[in-house]
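Participant: generate coordinates for the sequence data below:
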Amino acid sequence: MIYSANRYQKDLIAATERQASLEQAKTQVELDWQRRFEDVERSQFERSEDLVKSLGKAKDEVSVMWITRLEQHKRTCSHFILKYKYGIDIVACQRGGVSNKPPGLQTATRHGARDPLVRSQVD
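Facilitator: Numbers count the residues shown, from 1 in each chain. Here you go, the predicted structure:
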């Protein structure tokens, strides 16, 4: 019986040590998974921030593009109105280097129309 009590005691000590080792390994695995999760979460957050920045930049670029197109369209409409309402061909005046304003343009500017030959005016 003494032999089996010593054997039982050694087996119990070995089992306790294995259990402690397994619990330590389990804790380490949990910590490793937690660290991996946090790394993935941080990476995802950084990618989201980068995406928001790139979307903001793209929005700004598109806004500038549309503003430019609208300004061009506004100039085209102004030229069209001056040409068909007052008989003034702005493009021909600008190309020809006309120093005196055509009579139709003088009339138009007197009535509050913007002078398309003057580039400093705000569109």
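
Participant: now do the helices in the chain.
Facilitator: Shown for the chain, the helices assigned by DSSP state H span residues 2-86, 90-96, 103-110.

Participant: please identify the most buried of the ones you listed.
Facilitator: helix 103-110 (a mean of 15; mean count of other CB atoms under 10 Å). In short, each C-beta sits where N, CA and C put it, glycine included.

Participant: next, count neighbours for Asp89.
Facilitator: 14 (other CB atoms under 10 Å).

Participant: distance check, the closest residue to it other than its chain neighbours against Leu51.
Facilitator: Closest residue to Asp89 apart from its sequence neighbours, by CB to CB, 6 or more residues apart in numbering: Lys83 at 5.6 Å. Lys83 sits 47 Å away from Leu51, going by CB to CB, to the nearest Å.

Participant: try Gln44
Facilitator: 10 Å.
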